[in-house]
Structure formats: C-alpha cells, structure tokens
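>>> sequence plus the predicted model coming up.
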Amino acid sequence: MKFIYLIFLCLLAQAAFAQDYSDKITLVIHGGAGTITRVNMTPEKETAYREVLNTALRNGYSVLQKGGTSVQAVEAAIMVMEDSPLFNAGKGAVFTNEGKNELDAAIMEGKTLKAGAMAGVTTIKNPIRGAIAVMEKSPHVMMAGKGADQFAKEQGLQIVDPSYFYTEARFKALQKAKEQEKIELDHSENKKEIKKVSKTGYVEEEELIFTEGKKFGTVGCVALDKFGNLAAGTSTGGMTNKKYGRIGDAPIIGAGTYANNTTCAVSATGHGEFFIRSVVAYDISSLMEYKGLSLQDAANAVVMKKLVERGGEGGVIALDRNGNIAMPFNSEGMYRGFIKSDGKSQVMIYKDEK
Ligand code: ASP
C-alpha cells in the first residue's frame, strides 16, 4: 500500500513539475529550395503555392493547438504538401531516369530519438505515414523498395497505383533533363569537363545527372508541441532523372532529417548527395550540442558556409525547444513558412522576403 502511495506521489510531482510549452508551440515548413525567382514565377502559380503552404501550416498547427504531438503535427502538415501536385513529394513527385516515381520520407522524434524512414517506395500515397509506421510499428528505422511498400499495405496505409504520382509537368521536366544530358554528353569530350572542383576539393560532378533548372521541391516540417517535444519530417520524390535505386538525403537520419529535444529539429532540401556527405542535419545539432552555438549560428555555419564551400545547393528549416526558428538557404529561393503560438504566421518564397 505504501508503495502504491509512493508511486502516486511521484506521478503527482512529475505532473506538477513538467514544464508546459503551450506558449511555445511552433510549426515550420518548407516546400523545397532551388532556382525560385520572381522572373520564373507567374502570379497565379505564386498564389497557388502560397495557398498550399498556408493550408499546410494551418493543418499542422491546429494539431498542436488541440494538444496533439509534434509527430502528428508534422504528419498533418506534410500530407497537405504530399497531396498537392505543386511539390516534389507524393502526388507531383519527380521522375527517375526510367520514368518512374520513387519516393523517400523520414520522421524523427526529439524526445525518444526514435526514427522511421522509407526509401524508394512506389505505391504509398503518403510516404510520411509510411515512415511514421516504420517508427511506431516496427523494430526498424528504415525500409526500402518492395518490402517497404508491402509493410505499408500490411499497416493499412492507403496504397495507390504508381500512375497516381504522374503529373505532366514533372514528366516534361524529365524529358528536358534527358535532352540536356544528351546535349551535355555530346558537347563535352568527356564527363571530366563538367566536373568542377570546389575550394575544399569536393567534386561537383552531379551537375551532369540532375539538370532540371535545379529545383528541389522536397517538403519538410519541424514542430514543437505543448509537451516540449520536437519532431522533424521530410518527404520527397528525390531528384529529376535520378538513376534507379538512387536514394537522397531526405530519408537518411542525420542528413536530411533529424530531431533531438536537447538541440533542435531539422528538415533539409537541396542536392541530396552533398547533404548526405556533409551529414547536414546532425551537424547543425552537433554544433549546438558540442560547441554551444545558437540555432541560427549552427544552421548558418552548415548551410551558408560548409555547404557553399563544398558546392552543395539547398537549405534547411530548423527549430529549437525555445521556439527559435532558422531557415537559411544558399539557393535563389526556398518555399517556407512558420506559425507561432502568438499567432504570428508567414509564408515566404524568395530570398528578399524576411
Ligand atoms: N534533397 C532531395 C534529394 O536529394 C531533393 C530536394 O530537396 O528536392 O533527394
């Protein structure tokens, strides 16, 4: 009896001392970085992008407001962008060299450091849900290809025919990339001519493979819930004209996606090969953990310095437990937005928007 009484007292004390983060709940999203300029945009397209980004923010935030977890909020926000053909995730994903859509996604929970990822899946309507199922319903962290599709089906997730992901715009982009590739191959004596070596000696040879005006339409979300828990999620079709089986940074924990309550939550977008080699998301977290850098300084050091020196184009969204936000990108633009507990919310596309 005494023992039960003691446990009851402990639980009571825990509840009393648990910090309430209701006044800090925050949600940040991105819809990809790249050559996004006003010149390349029509007013109609811009309005459409802003509308979907706003809906994603609202849907994710309402989960947080209702007391949901950061993982649930990330799921809600990302699903809006996966379902929109405007973004390179879910419906509207880019095409591989073989003319297929192979999708990657990941989720990570900052409290438990649990994570789940799916790579190269072709039939899951919302790959972010697949990643969450891997985290919550399996003993694994990453599943790929047919097995991952099978697992999602067994978990009762919505399965679609691969043709669901088709959009004309993305298919045309593949044709354009292939034409360009052919021209480049024909006009350069060999690959070496296109290879550029950056200051740090990194070889930028991927130029040749992924030429599509350098648009990275991956989507991502980071969130802080009222329990003070961070989460990060990313979902993508990868890069136009990617080779069969190519997997980018998005589903790789520490590269394109990472969350840790003691530091931050990060979701990246950009040229995946560079983000993998630079272990971008974990590097930002580590700079905070080991060097005591602020979120903004850590994110800037990696995206605006290291990645730039190595030739890696793209950006990140990052969030810490105090509700601080960083959204650096070294490309022309990045679809992005945030919403905070004080009601302040903003959607941005171009570099000059602050
Ligand atoms: N990072 C993604 C990848 O390399 C592409 C993107 O951000 O759009 O697969």
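In hand now; what should we look at?
>>> and this structure, which residues reach the ligand?
Residues of the chain found near the ligand (C-beta under 6 Å from any ligand atom) are 32, 88, 216-218, 236, 238-239, 248-250, 256, 269-272. C-betas here are computed from N, CA, C, even on glycine.
>>> from those residues, which ones fall inside strands?
32, 216, 236, 269-270 (DSSP state E).
>>> now list the buried members of those.
Among those, those buried by neighbour count (16 or more other C-beta atoms under 10 Å) are 32, 216, 236, 269-270.
>>> hang on, the earlier thing: just the residues of the chain next to the ligand: which has the poorest pLDDT?
When the residues of the chain next to the ligand are compared by pLDDT, F216 scores lowest at 74.
>>> may I have stretch 32-48 as PDB, with CA atoms only?
What follows is stretch 32-48, C-alpha atoms only, in PDB (Å, rounded to 0.1, in the frame of the first residue of the first chain):
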ATOM      1  CA  GLY A  32      11.800  22.900 -51.400                       C
ATOM      2  CA  ALA A  33      14.700  25.200 -52.300                       C
ATOM      3  CA  GLY A  34      16.300  26.000 -55.700                       C
ATOM      4  CA  THR A  35      16.200  28.400 -58.600                       C
ATOM      5  CA  ILE A  36      13.000  30.000 -57.500                       C
ATOM      6  CA  THR A  37      12.900  33.600 -58.600                       C
ATOM      7  CA  ARG A  38      10.200  36.200 -59.400                       C
ATOM      8  CA  VAL A  39      11.200  36.000 -63.100                       C
ATOM      9  CA  ASN A  40      10.400  32.300 -63.200                       C
ATOM     10  CA  MET A  41       7.000  32.700 -61.500                       C
ATOM     11  CA  THR A  42       3.600  33.700 -62.600                       C
ATOM     12  CA  PRO A  43       1.200  35.500 -60.200                       C
ATOM     13  CA  GLU A  44      -1.200  32.500 -60.500                       C
ATOM     14  CA  LYS A  45       1.500  30.000 -59.600                       C
ATOM     15  CA  GLU A  46       2.700  32.100 -56.700                       C
ATOM     16  CA  THR A  47      -0.800  32.300 -55.300                       C
ATOM     17  CA  ALA A  48      -1.300  28.600 -55.600                       C
END
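>>> give me the residues contacting that stretch.
Residues from elsewhere that reach stretch 32-48 (C-beta atoms under 8 Å, 6 or more residues apart in numbering): 86-88, 213-219, 269-270, 313-315, 329, 331-335, 349-350.
>>> cool, and stretch 317-326?
If you take C-beta under 8 Å, 6+ apart as the criterion, stretch 317-326 is touched by 21, 24-26, 28-30, 110, 220-224, 228, 230, 261-267, 284, 288, 294-296, 298-300, 316, 327, 336, 338, 340-341.
>>> and if we set it to 6 Å?
24, 26, 28, 30, 222, 224, 228, 264-267, 295-296, 299, 327, 338 (C-beta atoms under 6 Å, 6 or more residues apart in numbering).
>>> touching, L103 and P127? I think so.
Yes: between L103 and P127 a contact is recorded at 4.5 Å, counting by C-beta atoms under 6 Å.
>>> who touches both of these two?
V121.
>>> excluding sequence neighbours, find me the nearest residue to the residue in the stretch 251-354 of the chain that the ligand sits nearest to.
Using C-beta to the nearest ligand atom, the closest approach of the stretch 251-354 of the chain to the ligand is made by G272 at 2.2 Å. Nearest non-adjacent residue to G272, counting by C-beta to C-beta, 6 or more residues apart in numbering: G248, 3.1 Å away.
>>> burial count for the one you found?
Using other C-beta atoms under 10 Å, G248 has 27 other residues around it.
>>> that one: what's it in contact with?
Shown in contact with G248 (C-beta under 6 Å, 6+ apart): 104, 238, 272.
>>> from P43, how far off is it?
Using C-beta to C-beta, to the nearest Å, G248 is found at 31 Å from P43.
>>> one more: N59?
For N59, the distance to P43 - C-beta to C-beta - is 25 Å.
>>> these two: who's more crowded?
Using other C-beta under 10 Å, the more surrounded residue of N59 and P43 is N59, with 18 against 8.
>>> re the thing from before, ok, so of the contacts of G248, who is nearest E136?
When the contacts of G248 are compared for distance to E136 (C-beta to C-beta), D104 wins out at 18.5 Å.
>>> can you name the residue of the stretch 51-200 of the chain nearest the ligand?
Closest contact between the stretch 51-200 of the chain and the ligand, by C-beta to the nearest ligand atom, is at N88 (5.2 Å).
>>> burial measure for that residue, as a count.
With neighbours defined by other C-beta under 10 Å, the count for N88 comes to 30.
>>> wait, it touches G217, no?
Yes: judged on C-beta under 6 Å, N88 makes contact with G217 at a distance of 3.0 Å.
>>> mind checking how far stretch 142-158 is from the chain centre?
Distance, stretch centre to chain centre, for stretch 142-158: 20 Å (C-alpha atoms, centre = their mean, to the nearest Å).
>>> please export the C-alpha coordinates of that stretch as PDB.
Extracted in PDB, the C-alpha atoms of stretch 142-158 (Å, rounded to 0.1, in the frame of the first residue of the first chain):
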ATOM      1  CA  MET A 142      14.500   2.300 -42.500                       C
ATOM      2  CA  MET A 143      12.700   0.200 -45.000                       C
ATOM      3  CA  ALA A 144      13.200   0.300 -48.800                       C
ATOM      4  CA  GLY A 145      11.600  -0.700 -52.000                       C
ATOM      5  CA  LYS A 146       9.100  -3.500 -52.400                       C
ATOM      6  CA  GLY A 147       9.400  -4.600 -48.700                       C
ATOM      7  CA  ALA A 148       8.500  -1.100 -47.600                       C
ATOM      8  CA  ASP A 149       5.500  -0.900 -49.900                       C
ATOM      9  CA  GLN A 150       4.400  -4.300 -48.600                       C
ATOM     10  CA  PHE A 151       4.800  -3.200 -45.000                       C
ATOM     11  CA  ALA A 152       2.700  -0.100 -45.600                       C
ATOM     12  CA  LYS A 153       0.000  -2.200 -47.100                       C
ATOM     13  CA  GLU A 154       0.000  -4.500 -44.100                       C
ATOM     14  CA  GLN A 155      -0.300  -1.500 -41.800                       C
ATOM     15  CA  GLY A 156      -3.500  -0.500 -43.600                       C
ATOM     16  CA  LEU A 157      -2.000   2.700 -45.200                       C
ATOM     17  CA  GLN A 158      -3.500   4.000 -48.400                       C
END
